[in-house]
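Undergrad: could you look at this predicted model? Sequence included:
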Amino acid sequence: MIAIMSHATSEERLQEIVRHIEKQGVTAHISRGTDRVVIGIIGKADPKLAEQLRQMSGVEEVIKISKSYKLASRDFHPDNTVIDIKGVKIGGGELVMMGGPCAVESPRQIDEIARLIKAAGGQVMRGGAFKPRTGPYSFQGIGVEGLEWMAEAGKKHGLLTITEVMTPEYVDICAQYTDILQIGTRNMQNFDLLRKLGTIDTPIMLKRGFSATYDELLNASEYILAGGNPNVMLCERGIRTFESYTRNTLDLNAVPVLHQLSHLPVIVDPSHGTGRRELVVPMSKAAVAAGADGLIIEVHTDPDNSMTGDGVQSLYPEQFAELLQDMEKLAPLLGRSFNTHKEPVSSASSK
Ligand code: PEP
Ligand code: MN
């Protein structure tokens, strides 16, 4: 259920209404939009509460939301969510470009790739220190030391950083070293992990499970939002279909659908979505044309020797740079902006 406040409602009155709601044993989440303030009521409310609220001064309308997710829905938050990370705004019309290796491999590798991502005009460097591998004998990631190398490189080159976290126990340490936490496709419904992410305010990029519906993705995001962390972006990274030519089928329907159903920013990962280097550039452009707020792309200086085998889907740094130059021209045609010659991100990766 949501209660829409009338324009003239004072802050004092808003708080009185919130107290009234919370006395009933349910939680009130306030969303302040440009046009209106909405209170989202989460929990099993007494059926009489809707009637009571309708009669209270300051309340314009009370609407029952039938969807199972509430805080992630556009009904609750009509404006787009814009996540501001040290001046880089995600979801506000400016494209955000994330690039980097599948895995952090060495201090030298991550430093060199960071330099090239920055020179290309990217704002965020990706790199996994904890890798979710299909087989237990494959390289599982460098671990905490890799986080240190990545933070160092991010700071040196003025980039934000994003890394994957797989277990609740590692959330705090990953958040200490990186600006954005990535939840991988295999962990989209790791509910203990999602609940832990709700307790911090570090921005989260939640990847769609490779067999998850939009509804399941939005419900997964709801766990984080309901825990109190509003900084969530969604990521389409391809789903499993009968087609085996590509590693996954990049479902670009997800972009406009998720924007319709939700206010959260939508990022697209064309690297895992296709699994083939030659498809990454065209699908990146298609994703932006479909309305993506940003892209996360694997980039490697020596893809033939990538430690995770994701070299086959990694762009060479020159290809990433060329793509970003094209984006600069494309973005304005698609109602977005992108500028490859930006000021360095201030004090990125230093917490
Ligand atoms: C990755 O980003 O390297 C990764 C493992 O992604 P996904 O969870 O989408 O497979
Ligand atoms: Mn990868």
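TA: Here it is on my side, so go on. Please read all numbers here as calculations on a predicted model, not as lab measurements. Ligands and ions are numbered 1, 2, ... in the order given.

Undergrad: quick check: the residue of the chain at minimum distance from ligand 2 vs residue 40, distance?
TA: Distances between the chain and ligand 2 by CB to the ion are smallest at residue 102, namely 3.3 Å. Glycine gets a C-beta too; all of them are placed from N, C-alpha and C. To residue 40, residue 102 is 37 Å away according to CB to CB, to the nearest Å.

Undergrad: also residue 197?
TA: For residue 197 relative to residue 40 (CB to CB), the value is 19 Å.

Undergrad: related to what we said a few turns ago, find me the pLDDT at the closest residue to the residue of the chain closest to ligand 2 other than its chain neighbours, would you?
TA: Nearest non-adjacent residue to residue 102, counting by CB to CB, 6 or more residues apart in numbering: residue 310, 3.8 Å away. pLDDT for residue 310: 94.

Undergrad: next one: phi and psi at the residue in the chain positioned nearest to ligand 1?
TA: Here the residue of the chain nearest ligand 1 is residue 184; by CB to the nearest ligand atom that distance is 2.9 Å. Phi and psi for residue 184, reported as degrees, to the nearest 10, are phi -80, psi 170.

Undergrad: ok, it - contacts?
TA: Neighbour list for residue 184: 132, 164, 166, 207 [criterion: CB atoms under 8 Å, 6 or more residues apart in numbering].

Undergrad: from those, list the buried ones, please.
TA: Buried positions within the contacts of residue 184, assessed by neighbour count (16 or more other CB atoms under 10 Å), are 164, 166, 207.

Undergrad: any chance of these in JSON lines with distance to residue 147 as columns?
TA: Shown next, in JSON lines, are these (distance: CB to CB, whole Å):
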{"residue": "164", "distance to residue 147": "11"}
{"residue": "166", "distance to residue 147": "13"}
{"residue": "207", "distance to residue 147": "19"}
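
Undergrad: what residues does the stretch 101-250 of the chain put near ligand 2?
TA: residue 102 (CB under 5 Å from the ion).

Undergrad: what pLDDT does residue 6 get?
TA: pLDDT, residue 6: 89.

Undergrad: what's the residue lying closest to it once chain neighbours are set aside sitting at in phi/psi?
TA: Leaving aside its chain neighbours, residue 6 sits nearest to residue 60 (4.3 Å; criterion: CB to CB, 6+ apart). Phi and psi for residue 60, reported as degrees, to the nearest 10, are phi -90, psi -40.

Undergrad: quick one: the helices in the stretch 251-351 of the chain?
TA: Ranges of helices within the stretch 251-351 of the chain are 254-261, 270-274, 277-289, 317-333, based on DSSP state H, counting those that start in this stretch.

Undergrad: and stretch 270-285, average pLDDT?
TA: 98.

Undergrad: per-domain residue ranges of the chain.
TA: 2-63, 83-334 (automatic domain parsing).

Undergrad: ranking the ones you listed by burial, who's on top?
TA: Of all those, domain 83-334 carries the top mean neighbour count, a mean of 20, counting by mean count of other CB atoms under 10 Å.

Undergrad: return the residues of the stretch 1-150 of the chain in contact with ligand 1.
TA: 102, 128, 132 (CB under 6 Å from any ligand atom).

Undergrad: ok, the last one touching residue 187?
TA: Just to be clear, that refers to residue 132. Yes. If you go by CB atoms under 8 Å, residue 132 and residue 187 touch, sitting 7.0 Å apart.

Undergrad: residues touching the residue of the chain closest to ligand 2, list them.
TA: 127, 128, 131, 298, 300, 306, 307, 308, 310, 314.

Undergrad: cutoff 6 Å now
TA: 298, 308, 310 (CB atoms under 6 Å, 6 or more residues apart in numbering).

Undergrad: from those residues, which land in strands?
TA: Using DSSP state E, residue 298 are the members of the contacts of residue 102 that sit in strands.

Undergrad: got the contacts of residue 102 as TSV, with distance to ligand 1 columns?
TA: Putting the contacts of residue 102 into TSV (distance: CB to the nearest ligand atom, whole Å) gives the following:
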residue	distance to ligand 1
298	7
308	7
310	6
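
Undergrad: where does the prediction get shaky in the chain?
TA: In the predicted model of the chain, residues 342-351 satisfy pLDDT under 70.

Undergrad: and the helices in it?
TA: 11-22, 48-55, 107-120, 144-157, 171-177, 191-197, 214-226, 254-261, 270-274, 277-289, 317-333 (DSSP state H).
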